[in-house]
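Chemist: what would the 3D arrangement of this be:
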Amino acid sequence: MKFENKFIIILIASIAIYAIFLFASDYNKILDKDFNFNLSYILPILSLVTISWIPLILKWHLLLKENDIHVPFKKNILIWLSGSALNTTPGQLGGLIKAQLIKTLYGIPRTRTAPIVLVEKFYGLVGAIIAAIIGIIISGTNFNLALFGFGVLGLLFFFIYYRPVFEFLFNKMTKLKFFSKRSENISGSYKILQISTKPKIASICIGLSLSYWIIISFSVYLVLLAFEINTISFIQTLSIYTSSVIIGVVSLIPGGIGVTEGSLVGLFTFEGIDISLALVLSVIIRLTTLWYSVSIGFIGLKLTGGLSLSRDLKK
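Modeler: A predicted model of the protein is given here:
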């Protein structure tokens, strides 16, 4: 096995240990709390979280296919799940492990797949912002927040679709010593970006991302119902959850740990929930969304052979 694969495995192991400490930290927060949780909701909650991955897997597979990268669908599911194992990295950029897995399994250069991972994250962020805006407008929470969301969306699409700005940044990058030697690879990445952001593809990917946020927000809504909280509607839950995740991602803190929970607690208390209960809610929500996906991600990583030092992954 090449050095780079050994390095990736060491990195994964380090993140796994870090994730365990973070998980333990979250879990310890609820040990001393007395709360009533209807355990019959656990299966529906985890089922919805699992179902929410379907549109994301379809989005990932579509982006690869559009860029003429063909990976068997069943194997691609495992590769996508493997990326979830590293969701505790800053901005969830640990998903780039998918590019390494595809390179190891099929010999496809990372320069062709890494840009797709970033485009995938871009569409996820856009979907979250749109979901938050929808929730804010329908629930009538704060229209100024909706305007802010529209402004962020406009800025994101401006940098992606306004070619003069993108080419200006691209040309500046290629003049740097590091990138000048890799200008051909960067140019290829730009072509991949162009293909992946065509209006038709963008519409489908944003729609799939939006579907994910709606489904997983409904699982969060079931968490509230499990605590017998019926004062917050699903639409309010949609705006609260997506807003908190966006804040966590933008913070670039690994997994948004602390920031996302703090945002959830703040937004829940704003809706009249006691702060101690809001803290428990935030931890339970993170356990059933983030930590559940991380655990399944490590299973997927194992099944792809990504944790094996002795196996020839190219076979």
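Chemist: how close does residue 219 get to residue 289?
Modeler: As for residue 219, its distance to residue 289 is 7 Å (criterion: Cβ to Cβ, to the nearest Å). In this view, the C-beta of every residue, glycine as well, is placed from N, C-alpha and C.
Chemist: which residues are in contact with each of the two?
Modeler: Common neighbours of residue 219 and residue 289 (criterion: Cβ atoms under 8 Å, 6 or more residues apart in numbering): residue 49.
Chemist: which SS class is residue 69?
Modeler: Under DSSP: H, G, I helix; E, B strand; the rest coil, residue 69 falls in the coil class.
Chemist: model confidence for it, exactly?
Modeler: Listed pLDDT for residue 69 reads 93.
Chemist: repeat for residue 187
Modeler: 56.
Chemist: could you say which helix or strand holds residue 286?
Modeler: Assigned by DSSP states H and E, residue 286 belongs to helix 275-286.
Chemist: pull the CA atoms of that helix into PDB?
Modeler: Provided in PDB are the C-alpha atoms of helix 275-286 (Å, rounded to 0.1, in the frame of the first residue of the first chain):
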ATOM      1  CA  ILE A 275     -32.700  26.000  29.200                       C
ATOM      2  CA  SER A 276     -31.900  22.700  30.900                       C
ATOM      3  CA  LEU A 277     -34.300  20.800  28.700                       C
ATOM      4  CA  ALA A 278     -33.000  22.700  25.600                       C
ATOM      5  CA  LEU A 279     -29.500  21.500  26.500                       C
ATOM      6  CA  VAL A 280     -30.700  17.900  26.700                       C
ATOM      7  CA  LEU A 281     -32.600  18.300  23.400                       C
ATOM      8  CA  SER A 282     -29.500  19.600  21.600                       C
ATOM      9  CA  VAL A 283     -27.400  16.700  22.700                       C
ATOM     10  CA  ILE A 284     -30.100  14.100  21.800                       C
ATOM     11  CA  ILE A 285     -30.500  15.700  18.400                       C
ATOM     12  CA  ARG A 286     -26.700  15.600  17.800                       C
END
